[in-house]
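> let me see the structure of the following:
(chains A, B, C and D)
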There are 2 protein chains.
Amino acid sequence: MFSLHISTGSDVPIFRQIVAQVRSAIATGTLSVGDGLPSVRGLAAELVVNHNTVAKAYTQLVQDGLIESQQGRGYFVTQRREIYTKAERTRRVKSLIEPLLSEAKTLGFDDEEILALVTNEIEKLSRKRKE
Amino acid sequence: MFSLHISTGSDVPIFRQIVAQVRSAIATGTLSVGDGLPSVRGLAAELVVNHNTVAKAYTQLVQDGLIESQQGRGYFVTQRREIYTKAERTRRVKSLIEPLLSEAKTLGFDDEEILALVTNEIEKLSRKRKE
DNA sequence: CTACTGTACTGTTTGTTGTAGTACAGCGTA
DNA sequence: TACGCTGTACTACAACAAACAGTACAGTAG
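Residues are numbered from 1 along each chain as shown, chains lettered A, B, ... in the order given. Sure thing, here's the model as predicted:
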């Protein structure tokens, strides 16, 4: 099982926090293909948020092709399908890399340090996958 | 001189686009220490937005320690000062790396590809700095 | 049948974003 | 000094997003 934790004080919307954490759980392998997600109402009760907020997050993940819904049963992690073209996927990742580099640069990090940090985080993710 | 371009149709707020582009300009060296920024009203007229929106963006950059204001003269790029501790700066960068990796992973990229993309973007930035 | 699941509405509230207008104070130059 | 530029600080308003609240309906499984 896996658990989610949100912070209402954050400037990041609740539904985005849910999306990010499920995405992360799938990326690390905490959630595998076929696994069921917490029910909309169940997770809403656990996080003390409205069920519409959870539904909104799940809908976003469905659009990304990461999970699918089954009426009356719940949400499940899907087999990875390529819903975006290679070019589109590359574009999406690049659009995240660019601001990261600007921020890191203006914070005083040089190329080597940035690359080291990224490499470090990648390894941290890989280790999680093996646990 | 450097120019800014914004897209009103984007889901990214105008003031954030301005912040990101000035930050990027400083990161690439397009803007150097001491350089003056476009005036609040001048840039507002050029971008056809309200001058308050530009002021809001500049205020954000002042808080980040990237630029400073001089009453009656304008905004200028500051000498890099460490307004955050090393730990805090590292934390900020990491908080950007994490979602990037999750997104890239769920889009189907493996570790090597991600690292290659990041390296590629870093080199692209470096080339800009030398032009 | 019943209790769970997802789904789909209609409202309402709150905070952010952006516009619009106004006003005031500091700087530099004619 | 006077003028035109600069930043700064308000108020008021419209539009939108986020989240909550409540309700209702349809599919699934025991």
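> do you know how far the residue nearest the centre of chain A is from B:Ser102?
Nearest residue to the geometric centre of chain A (C-alpha atoms, centre = their mean): A:Arg23, 2.4 Å. Distance, A:Arg23 to B:Ser102, by C-beta to C-beta, to the nearest Å: 5 Å. Using the backbone N, CA and C atoms, a C-beta is placed for each residue, glycine as well.
> tell me what the host helix or strand of A:Ala104 is packed against?
Here A:Ala104 sits within helix A:86-106, counting by DSSP states H and E. When contacts are defined as 3 or more C-beta pairs under 8 Å, 6 or more residues apart in numbering or on different chains; DSSP states H and E, helix A:86-106 sits against helix A:111-130, helix B:14-28, helix B:86-106, helix B:111-130.
> swap in 7 Å and give it another go.
Using 3 or more C-beta pairs under 7 Å, 6 or more residues apart in numbering or on different chains; DSSP states H and E, the elements in contact with helix A:86-106 are helix B:14-28, helix B:86-106, helix B:111-130.
> tell me which of these sits most buried.
helix B:14-28 (a mean of 20; mean count of other C-beta atoms under 10 Å in any protein chain shown).
> show residues contacting it.
Contact with helix B:14-28 is made by A:99, A:101-103, A:105-106, B:2, B:4, B:6, B:10, B:31, B:37, B:49, B:53-54, B:56-57, B:60-61, B:66, B:77, B:125, B:128-129, as judged by C-beta atoms under 7 Å, 6 or more residues apart in numbering or on different chains.
> that one: what's the following helix or strand?
helix B:40-47.
> tell me if that next one is near DNA strand C.
No. Remark: helix B:40-47 sits outside contact range of DNA strand C, by C-beta under 7 Å from any atom of the strand, the gap being at least 7.5 Å.
> angle of the helix or strand following that helix against helix B:40-47?
Using DSSP H and E, the helix or strand that follows helix B:40-47 in sequence is helix B:51-63. Helix B:51-63 and helix B:40-47 are oriented at 120 degrees to each other (axes from the mean of the first three to the mean of the last three C-alpha atoms, to 10 degrees).
> buried set for helix B:51-63?
B:53-58, B:60-61 (16 or more other C-beta atoms under 10 Å in any protein chain shown).
> just checking: what are the partner strands of the helix or strand just after that helix?
Of the helices and strands lying after helix B:51-63 in sequence (DSSP H and E), the nearest is strand B:67-70. Sheet pairing of strand B:67-70 (DSSP bridges) gives strand B:74-77 (antiparallel).
> quick one: contacts for A:Arg41?
A:His51.
> quick one: it and A:Glu68, what's the gap?
According to C-beta to C-beta, A:Arg41 and A:Glu68 sit 18 Å apart.
> same check on A:Arg127?
29 Å.
> what do you get for A:Ala87?
Where A:Glu68 is concerned, A:Ala87 sits at a distance of 25 Å (C-beta to C-beta).
> same check on A:Gly42?
From A:Gly42 to A:Glu68 the distance is 18 Å (C-beta to C-beta).
> fine, thanks again, bye for now.
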